[in-house]
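>>> Build the 3D model from these lines:
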Amino acid sequence: KEFLASNPGLLSRIAHYENVEAPTLDELGQIMDGMLAKSGYAMEPDAREYALTQLEAMRKAAGPRDFGNARVVRSMVEQLPDALAERLYGEGGGITGASKKSMSTFTKADVVALEMGTGIAVKPKATIGFSSERLAQPAGLKR
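Coordinates of the predicted model:
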C-alpha cells in the first residue's frame, strides 16, 4: 500500500492487489521439499530439520520485512549440490566411488557447510551495474 501510494500513477495502473501472508516454517519446508524433488534430490530427515531450524533463525534475525522467504529457500537449494560435491570429494572417494543415492541425498553436513553465523549464508549473486569500487582508478594508470 505504501509503495502504491508513493506514486499516484502506479495506483491507477494496478486494479487489484492482494496481501499475501509470509509462509509458515512448515510451508517453507514443503517449498524446499518440492524444489529438491524437482531437481532430483532428497534430504535426510536430520538435514531437513536442521535446515528448517536455520531458516527460522534467519527469519528471526532478519525480521518479517527483510526475510526473503522462498527466495532464501531457493538459494539454499541451489547451493546444496556444491556442498554435497565438496563433502564427497573430501571423503576421498569423490564421485567415482559414490552411489547414486549418496550423490543425490543431502546430509546435515551439507547444510552445515552453508551456515555462516546465524542461519544459512546466502551467497550474493553477481550485481548488475557499477559500484564506486569498480570505478576506482586501476593501479599503475594515470588520468
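>>> Just the CA trace of the helix or strand containing residue 28, in CSV.
Residue 28 belongs to helix 25-38 when assigned by DSSP states H and E. Extracted C-alpha coordinates of helix 25-38, given in CSV (Å, rounded to 0.1, in the frame of the first residue of the first chain):
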residue,chain,number,x,y,z
LEU,A,25,8.0,-22.8,8.6
ASP,A,26,6.1,-25.9,7.6
GLU,A,27,5.2,-24.3,4.3
LEU,A,28,8.9,-23.3,3.7
GLY,A,29,9.7,-27.0,4.3
GLN,A,30,7.2,-28.0,1.7
ILE,A,31,8.6,-25.5,-0.7
MET,A,32,12.1,-26.8,0.0
ASP,A,33,10.9,-30.5,-0.5
GLY,A,34,9.3,-29.6,-3.8
MET,A,35,12.4,-27.8,-5.1
LEU,A,36,14.6,-30.7,-4.1
ALA,A,37,12.3,-33.3,-5.7
LYS,A,38,12.0,-31.3,-8.9
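>>> in that helix, what counts as buried?
Neighbour counts using 16 or more other Cβ atoms under 10 Å place 28, 29, 31, 32, 33, 35, 36 of helix 25-38 among the buried residues. Using the backbone N, CA and C atoms, a C-beta is placed for each residue, glycine as well.
>>> need the next SSE after it, C-terminal direction.
Counting by DSSP H and E, the next helix or strand C-terminal to helix 25-38 is strand 42-43.
>>> Return the distance of that next one from the chain's centre.
16 Å (Cα atoms, centre = their mean, to the nearest Å).
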